[in-house]
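Trainee: Need coordinates for the following:
(chains A and B)
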Amino acid sequence: MNIETWFLVIYFVAMAGIGVWTLKIGSKGSEGYLLGGRSLGAAVTALRLQSSSMSGYMFLGAGSLAYTKGYFSLWYAMGDIGGGVLNLSILGRRMRKLSQILGSLTSIEYLEHRYPSKWIRAIAAPVAVFCIFFYVMSQFIAGGRGLEMVTGIPYAWALLIAVGVIVFYTFLGGYLAVAYTDFVQAIIMLIGMVWILIACLQAVGGLTAGNEGVGQINPNLLTMWGPDGLESVQWGVIVGAVLVFSIGYMGWPHVNVSHMAMKRPSVARRASLYATGFNLLFIPAPYIVGIMALVLLPTLDNPELAVFEVADAVLPDFAVGIVMAGIMAAIMSTADALLLQSGTIASQDLFQRFYKKNMSDQQSVWVSRFTVLILATIGYFVAVNDPPAVAEVVIFSTTVLGAAFVPVYIAAAWWKKANVPGAIWSMIAGTVSSVVWQLTGLVDVTGVDPMGVGIVCSTLALILVSLATQRSHPVPAHVLEAMKETDKIGAIPAHMLTGQNDSLAGQVPKNA
Amino acid sequence: MDPHVTAAEALAVFQRKLPDALAAVQAVHHPFWWAGFDVRTRGFFRRSASGPGQRMEVLVNAVSGRGMIADFTPCGVAVAPEEWLSLIGEQSGPLPTQDEAERTARSLARAKVVRTVKLGMGVEITPTGGLRGVLKPNWIVSGGNARHQATILVDGLDGSHYIVRVDKVGRS
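Mentor: Next up is the predicted model:
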């Protein structure tokens, strides 16, 4: 085994060890451990959010986009950098307060409480699981490709090992371990990525020399208009590229649930600063490395491996091992979080809600376990037989989630006239239009990105249907009251709001 | 239920928000359901839990249906059921049924434990008796200083607060 593989093995064993150790402590029934309240600070919250939402894509997809499209790929980076702040600013405080008043525990349950109908959950939960599955699959592929490159074992076996480790970790890891390893993983990712970037820039003789090298291959790669230049630019695709990751985040149930878990609005503000700082340092790096890979490795067979191959070429062996462990850590933390989220949606939002209301705790856990195993098995077979490109899968699932959920999440917090039929038709219109637009190849024909089409369709459906059905389906009084409470916060002096407990809003006596 | 926060402490909370304020404190109550559970966990490869398990108390708001885990066992003086029901009767909008409240309490307990131990561990949650109606104590504090008039609700159990209204005092 080479030194890189040794680092990976040590990393996997360490992660599994933490999981088993956590399980052992949990088995002893330590009350302080099991039920003790935790309060993660803004830095940990922000970095966990970032590390669990952009890992596999950043190390494979971003490098691939940059390798094939040059500086055009930075449109995606721009959206990604601003995504965290936009999400926390638009949804953060309001969603946190409204969900507290309505008593919601999950982000899909929040939608059902805001738009009270079982159909909301019946539509939202499968769409979420469907998209999460694709996202998890992209992490599997990323893990498999990374292992294949480092260890040299065939892709099918590398993928099997990656999926096995991810599922094993999902089953055995403990919450505390996950919370803090996510934070550590974010730092490892950042250090690894910046290390690759610095070594890469040294290898090409600096950014200017690297750009000159790229310009000799194709001068258009140095522009933001793509390899074919300004004449062939598709503005709809550019708008979509910025939209995908900037507002697409607001449609991710597993990201939005973090708003509901925030302790105070001030955490959101600070977290957005940390998230932006992390994004500014981390996100441009894989894109620049991908562009510089054109100079260092101009004949790459698989552009997805651009970042991995550059790391292999410019870093010493031991450093490649450390960086690879960091990359695998990032991939695992994302896949692990998403698999658990899909298991929770299947057991709580689908099975218990629609099939067996009085499901026992053990049955609920087994539904989650089976869901994780089924998704992992299907994901493995799809990924091993005809693996799609990681960037395509991630962009597709983000597009569908964004088109389906962004308008309903925003309107839930901001628009008092948004009602049940409007929300149902918005989710259907967003999902169907974006999927059809993507699968029928209308993107190439029209030059318009499916994200833009999906968002327009779902927003129009929400507005038109809500307005047309105001009389037949009015927004319930208790929801309006809760939204009024959510609005009120602006009029109160900021110093008085510090430390306010919004969940007490429902306990104010009528005559107070 | 007996309050854990006194009227003087509630007034202090108010005065921290509005320095030099004069205010009146009034005790109020909010109806809650209280459920107790015995939580036991076991390893992935074990058939049954070992050890005595641990007690978990959950309070579910009888109006909003929102649950919270309490780190104490509620205690206090028993009141007539009519008092609890009359507070419920004052509320508008749909109220959670007893079944729903029980499910909320149970899923909150499960969510808390499962979130901690994830999928690898077995969890056994056993109710230790049915739901009981309790009146949770709170304090309404109203008053003001030279700049603001305000009313806030102070949680009688943990001292956290919620601002009901704030008005600027007009200048003459």
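
Trainee: before we move on, which element is A:L159 in?
Mentor: helix A:155-172 (DSSP states H and E).

Trainee: Distance-wise, check A:L442 relative to A:G248.
Mentor: From A:L442 across to A:G248, the span is 19 Å (Cβ to Cβ, to the nearest Å). All C-beta atoms are positioned from the backbone trio N, CA, C, and that covers glycine.

Trainee: For those two, indicate the residue with more neighbours.
Mentor: A:G248 (29 against 15; other Cβ atoms under 10 Å in any protein chain shown).

Trainee: Give me the nearest residue to that one, chain neighbours excluded.
Mentor: A:G402 (3.6 Å; Cβ to Cβ, 6 or more residues apart in numbering or on different chains).

Trainee: so that neighbour touches A:I455, yeah?
Mentor: Yes: contact status for A:G402 versus A:I455: in contact at 6.8 Å, counting by Cβ atoms under 8 Å.

Trainee: Residue in chain A with the shortest distance to chain B?
Mentor: Chain A approaches chain B most closely through A:G103 (2.9 Å), counting by Cβ to the nearest Cβ.

Trainee: ok so, going back, what's the offset of the one helix or strand the residue nearest to A:G248 maps to from the middle of its chain?
Mentor: Here A:G402, judged by DSSP H and E, is contained in helix A:390-414. Relative to the chain's own centre, helix A:390-414 is displaced by 10 Å; criterion: Cα atoms, centre = their mean, to the nearest Å.

Trainee: what's the first-to-last distance across stretch B:71-78?
Mentor: Counting by Cα to Cα, to the nearest Å, you get 21 Å between the two ends of stretch B:71-78.

Trainee: That one - what's its average pLDDT?
Mentor: Average pLDDT, stretch B:71-78: 75.

Trainee: Only the buried residues of that stretch, if you could.
Mentor: B:P74 (16 or more other Cβ atoms under 10 Å in any protein chain shown).

Trainee: Quick one: residues in contact with it.
Mentor: A:35, A:37, B:1-2, B:4, B:34, B:36, B:55, B:57, B:59, B:134, B:157 (Cβ atoms under 8 Å, 6 or more residues apart in numbering or on different chains).

Trainee: Turn the buried ones among these into a named ChimeraX selection, would you?
Mentor: Written as a ChimeraX command, the selection of buried residues from the contacts of stretch B:71-78, which uses 16+ other Cβ under 10 Å, is:
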select /A:35 /B:1,34,36,57,59,134,157
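
Trainee: In strands, which of the contacts of stretch B:71-78 appear?
Mentor: Among those, the members falling in strands (DSSP state E) are B:34, B:36, B:55, B:57, B:59, B:134.

Trainee: Where does confidence bottom out across the residues you listed?
Mentor: B:R55 (83).

Trainee: and that one, how far is that from B:D71?
Mentor: 11 Å.

Trainee: before we move on, the earlier item: any idea which of the contacts of stretch B:71-78 is closest to A:A337?
Mentor: A:G37 (20.8 Å; Cβ to Cβ).

Trainee: how about the helices in chain B?
Mentor: B:7-17, B:81-89, B:98-117 (DSSP state H).

Trainee: In the shortest one, which residues are buried?
Mentor: This means helix B:81-89. Buried residues in helix B:81-89 (16+ other Cβ under 10 Å): B:84, B:87.

Trainee: what does stretch A:88-100 give?
Mentor: Quick answer for stretch A:88-100 (16+ other Cβ under 10 Å): A:88, A:90-100.

Trainee: Next, the residues that contact that stretch from outside, please.
Mentor: A:110, A:113-114, A:250, A:256, A:259-260, A:262, A:265, A:268-269, A:271-272, A:275, A:409-410, A:412-414, A:482-483, A:485-486, A:489, A:502-503, A:505, B:66.
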